[in-house]
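> Next input, structure requested:
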Amino acid sequence: MQPLIDNARTFGQRPEEFAKLAEGQSPQVLFITCSDSRVVPALITGARPGELFELRTAGNIVPPHTSQHPTSEAATIEYAVEVLGVRDIVVCGHSHCGAVGALVRGDDLTAVPAVRDWLAHAAADPRPSDADDPSVAEAVQNHVVTQLLRLRSYPRVEQRLTAGRLRLHGWYYEVHTGTVREHRADNNSFEGL
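This is a model prediction of the structure:
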């Protein structure tokens, strides 16, 4: 913890670098990814403060849209699309994902009921043919595609997609190599950026 405190103490010693941030934000991208500490969107993309609007959830899950019981995730997506006017949404899954791995393995999650109930939002069965792969690459990639489809159920997202004012991207990040692959809808594969 001490190195984090030390950095936080010196971080604000360059106020000229941050003054413009007080004027507001205008990110062009909503970046939806996992809460995993090994996935750092700004590090992966090279984004500076104000360039990415982030939504981090366990397993980068986009819950089903419902107007009856709005979620924090739905509010973040709606705000990014309607208020900030983002032009792109990236759903970024990652190798060695604990959430997707738990689903693939069928782990007993009774000791963590909130996690168990949240993972129920994953929807499609992510079990791939290579279930013994510790990186759960195929399962994570299938999961990313499922979340992209789920995003389309959000009315504001679908309206912007139809109008050509929004694009969706599926990314897969390998934590052990730093490689990022993008989903190609034409052949349903993940290829290097």
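> ranges for the helices of the protein?
Secondary structure of the chain (DSSP state H): helices at 2-11, 41-45, 72-78, 98-105, 113-119, 137-151, 155-162.
> Reformat the ones you listed into TSV and put distance to residue 35, mean pLDDT and mean neighbour count next to each item.
The way it works is simple: take the backbone N, C-alpha and C, and place the C-beta from them, glycine included. Shown next, in TSV, are these (distance: least, Cβ to Cβ, whole Å; pLDDT from 0 to 100; neighbours: other Cβ atoms under 10 Å):
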stretch	distance to residue 35	mean pLDDT	mean neighbour count
helix 2-11	17	79	8
helix 41-45	12	95	15
helix 72-78	12	95	16
helix 98-105	9	89	21
helix 113-119	11	92	13
helix 137-151	14	93	22
helix 155-162	22	96	16
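> will you turn those into JSON lines that also has distance to residue 54?
Listed next are these as JSON lines, based on distance: least, Cβ to Cβ, whole Å:
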{"stretch": "helix 2-11", "distance to residue 54": "18"}
{"stretch": "helix 41-45", "distance to residue 54": "6"}
{"stretch": "helix 72-78", "distance to residue 54": "9"}
{"stretch": "helix 98-105", "distance to residue 54": "17"}
{"stretch": "helix 113-119", "distance to residue 54": "18"}
{"stretch": "helix 137-151", "distance to residue 54": "15"}
{"stretch": "helix 155-162", "distance to residue 54": "17"}
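> closest one to residue 55 among these?
Closest to residue 55 of these, according to Cβ to Cβ: helix 72-78, at 4.7 Å.
> ok so, going back, list just the one of the helices of the chain that sits closest to residue 183.
Closest among these, once you apply Cβ to Cβ, is helix 137-151, at 6.3 Å.
> how far is that closest one from where the chain is centred?
Mean-position distance between helix 137-151 and its chain equals 11 Å (Cα atoms, centre = their mean, to the nearest Å).
> what do you get for stretch 64-81?
Taking Cα atoms, centre = their mean, one finds stretch 64-81 lying 15 Å from the centre of the chain it belongs to.
> Contacts only, for the closest residue in space to residue 115 that isn't next to it in sequence.
Spatial nearest neighbour of residue 115, excluding adjacent residues (Cβ to Cβ, 6 or more residues apart in numbering): residue 109 at 5.6 Å. Residue 109 is in contact with 102, 115-116, 119, counting by Cβ atoms under 8 Å, 6 or more residues apart in numbering.
> from the residues you listed, which two are the most distant?
Distance extremes for the contacts of residue 109: the farthest pair is 102 and 116 at 8.7 Å, using Cβ to Cβ.
> Identify the residues contacting stretch 69-87?
25-30, 32, 53, 55, 57, 61-63, 65-66, 89, 151, 154, 156-157, 160, 165-167.
> just the buried members of these?
Buried residues within those, counting neighbours by 16 or more other Cβ atoms under 10 Å: 27, 29-30, 32, 53, 55, 57, 61-63, 65, 89, 151, 154, 156-157, 160, 166.
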